[in-house]
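Asks: quick one, fold the following:
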Amino acid sequence: MSIDINTPESLGQAVRGSRKQLGLTQPQLALVANVGVRFIVDLEAGKPTLRLENILRVLNTLGGELQVEGLPTSGEVAGEG
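Replies: Model prediction:
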């Protein structure tokens, strides 16, 4: 399943929904993902200044992955070619 994420808030909602679907509490997810509980709280609240490394760790723990679409490839970058 794919979820469109375009704001920190939508990422937080997706993480919260996945966590609850898996039956995990915030402290349980934090423990398994090796991050602090405060990080999980902030992530689910949509805080925009969190470390990407930790976000990826949480997504991986939940069984998800980050995919980026729509960016130009190296041959499509302006001024090249």
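Asks: contacting residues for residue 55?
Replies: 11, 43, 66 (CB atoms under 8 Å, 6 or more residues apart in numbering). For glycine as for every other residue, the C-beta is placed from the backbone atoms N, C-alpha and C.
Asks: wait, the second one touches residue 13, no?
Replies: I take that to be residue 43. No. Assessed by CB atoms under 8 Å, residue 43 is found out of contact with residue 13, at 10.4 Å.
Asks: have a look at the two and say which one is more surrounded.
Replies: residue 43 (25 against 16; other CB atoms under 10 Å).
Asks: what's the helix or strand for that one?
Replies: Per DSSP states H and E: residue 43 is located in helix 37-45.
Asks: same for that helix, what does it pack against?
Replies: helix 8-21, helix 26-33, helix 52-61 (3 or more CB pairs under 8 Å, 6 or more residues apart in numbering; DSSP states H and E).
Asks: among the ones you listed, which is nearest residue 70?
Replies: helix 8-21 (16.0 Å; CB to CB).
Asks: elements contacting that closest one?
Replies: Short answer (3+ CB pairs under 8 Å, 6+ apart): helix 8-21 packs on helix 37-45, helix 52-61.
Asks: ranking those helices by burial, who's on top?
Replies: Of all those, helix 37-45 carries the top mean neighbour count, a mean of 18, counting by mean count of other CB atoms under 10 Å.
Asks: out of the helices and strands packed on helix 8-21, flag the one nearest residue 2.
Replies: Of those, nearest to residue 2 by CB to CB is helix 52-61, at 13.2 Å.
Asks: my read is that residue 61 contacts residue 31, right?
Replies: No. If you go by CB under 8 Å, residue 61 and residue 31 don't touch, sitting 9.7 Å apart.
Asks: thinking again about what came up before, could you give the angle of the helix holding residue 43 to helix 8-21?
Replies: Here helix 37-45 runs at an angle of 110 degrees relative to helix 8-21 (axes from the mean of the first three to the mean of the last three CA atoms, to 10 degrees).
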